[in-house]
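**Q** Any chance you can model this:
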Amino acid sequence: DKTGEEEADEKPKRKRKRKRKKASNATDTAGAGDGDDSAKKLESVDHTVFVEGIPFDSTEQDVRQFFVSHGVEDVLQLRLPTWQDSGRLRGYGHCVFETAESRQKAIDELNGKHLGKRYLSISAAQKPRSHQETSRAPREQPTGCSRVFVKNLPYSANEEDITNVFRVCGKIIDGGVRIARNYHTKESKGFCYVDYKNPEGALGAVQKAAKPFGMVVQGRPCFVDYDEGQMKSSFKTKEGRMWSKDHPANKRPRKNF
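**A** Below you'll find the model as predicted:
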């Protein structure tokens, strides 16, 4: 009899474990859905405003606090360009909100209010020109192409900044982000190349960049296209070494005669 009672006690325990597992899976699925929803909002102009007149000595936290203090607390993202030499704000940028209602409130009620000694001009964000022109639609991917050309980069963006944005599309090979730099000053020229491990990464980057605010580096939407040519020998690493000599993508086996 005792053995029968013990077996009866064990069965409900097993059922409870199964229920907990199902509940856990349901929570994970809901969390994934929330992430996808937030990503769509970050790319949507329906949740974004354009802000001008930001004091140059302000910080990102000052701008965020401005919206929060005026009753618009659901700020998802601030994209505020900075000057390359000083790191100070350039005085304009974009703000993305969780809800379209907050975006509209910012336009209707906060436009003209002061931040520090300057008043802000807040208006609806516009789609980047490249996304408004149907002739600029992504072209067909060349067979086996795993490298992309990126332009309209902020001059202050470094390899790590670019990697953090582009790795969402696929695995980037070691040292695969190469910024074109001035030969004498070593400063960025505003464009680079990104080498993915697989062609699928390049495809994802080009397709994502074709959407409004698809690939944004330090507040600037980037233009991305496939690149089929070999990098110029003038491209250098941070350490000043020639890219074409060090990078495995450009190394070719020597022929023995």
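**Q** Phi, psi for the residue nearest the centre of the chain please.
**A** By Cα atoms, centre = their mean, the mean C-alpha position of the chain lies nearest to V165, the distance being 4.1 Å. The phi and psi values for V165, taken as degrees, to the nearest 10, are phi -80, psi -40.
**Q** Quick one: residues contacting the closest residue in space to C145 that isn't next to it in sequence.
**A** The shortest distance from C145 to any residue other than its chain neighbours is 4.8 Å, reached at Y226 (Cβ to Cβ, 6 or more residues apart in numbering). Glycine gets a C-beta too; all of them are placed from N, C-alpha and C. Neighbouring residues of Y226 by Cβ atoms under 8 Å, 6 or more residues apart in numbering: 139, 141-142, 145, 147-149, 202, 206.
**Q** Kindly report the same for V68.
**A** V75.
**Q** For the remainder of this discussion, apply numbering that starts at 342.
**A** All right, first residue 342 from here; so that's V409.
**Q** How far does the one helix or strand it maps to sit from its chain's centre?
**A** Taking DSSP states H and E as the definition, V409 sits inside helix 401-410. Averaged C-alpha coordinates place helix 401-410 at 21 Å from its chain's average position (Cα atoms, centre = their mean, to the nearest Å).
**Q** Downstream of that helix, the next helix or strand is which one?
**A** Next helix or strand after helix 401-410 toward the C-terminus (DSSP H and E): strand 416-420.
**Q** hmm, back to that, between strand 416-420 and the helix holding V409, find me the angle.
**A** If you take axes from the mean of the first three to the mean of the last three Cα atoms, to 10 degrees, helix 401-410 sits at 140 degrees to strand 416-420.
**Q** those helices in this protein, which residues are they?
**A** Assigned by DSSP state H, the chain shows helices spanning 343-384, 401-410, 441-446, 470-473, 500-507, 540-550, 584-587.
**Q** Please tell me the pLDDT value assigned to the residue nearest to C486.
**A** pLDDT recorded at Y567 is 95.
**Q** and if you look at G434?
**A** So G434 comes in at 90 (pLDDT).
**Q** bridging residues for it?
**A** V392 (DSSP bridges).
**Q** Count the neighbours of it for me.
**A** Per other Cβ atoms under 10 Å, the neighbour tally for G434 reads 20.
**Q** Roughly how far does it sit from F391?
**A** Going from G434 to F391 by Cβ to Cβ, to the nearest Å gives 8 Å.
**Q** Low-confidence regions, the chain specifically.
**A** 342-377, 425, 469-477, 571-598 (pLDDT under 70).
**Q** which parts of the helix holding V409 are buried?
**A** For helix 401-410, a neighbour-count test (16 or more other Cβ atoms under 10 Å) marks 404-405, 407-408 as buried.
**Q** Quick one: these as TSV, columns for distance to R561 too.
**A** As requested, the buried residues of helix 401-410 are exported to TSV (distance: Cβ to Cβ, whole Å):
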residue	distance to R561
V404	17
R405	19
F407	22
F408	21
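**Q** out of the residues you listed, which one sits closest to K454?
**A** Minimum distance to K454 across the buried residues of helix 401-410 is 7.9 Å, recorded for F407 (Cβ to Cβ).
**Q** mind listing what the closest one touches?
**A** 451, 454, 456, 461.
**Q** And the residues you listed, which two are furthest apart?
**A** Top of the distance list for those (Cβ to Cβ): L451 and L456, 9.6 Å.
**Q** quick one on the thing from earlier: ok, of the buried residues of helix 401-410, which one's closest to T423?
**A** V404 (12.2 Å).
**Q** Now do the same contact list for the closest one.
**A** Counting by Cβ under 8 Å, 6+ apart, V404 makes contact with 392, 395, 419, 421, 434, 436, 456.
**Q** isn't the last one right up against D403?
**A** Yep, that's L456 we're talking about. Yes - between L456 and D403 there is a contact at 6.9 Å, judged by Cβ atoms under 8 Å.
**Q** Mutual contacts of those two, please.
**A** Counting by Cβ under 8 Å, 6+ apart, the common neighbours of L456 and D403 are P396.
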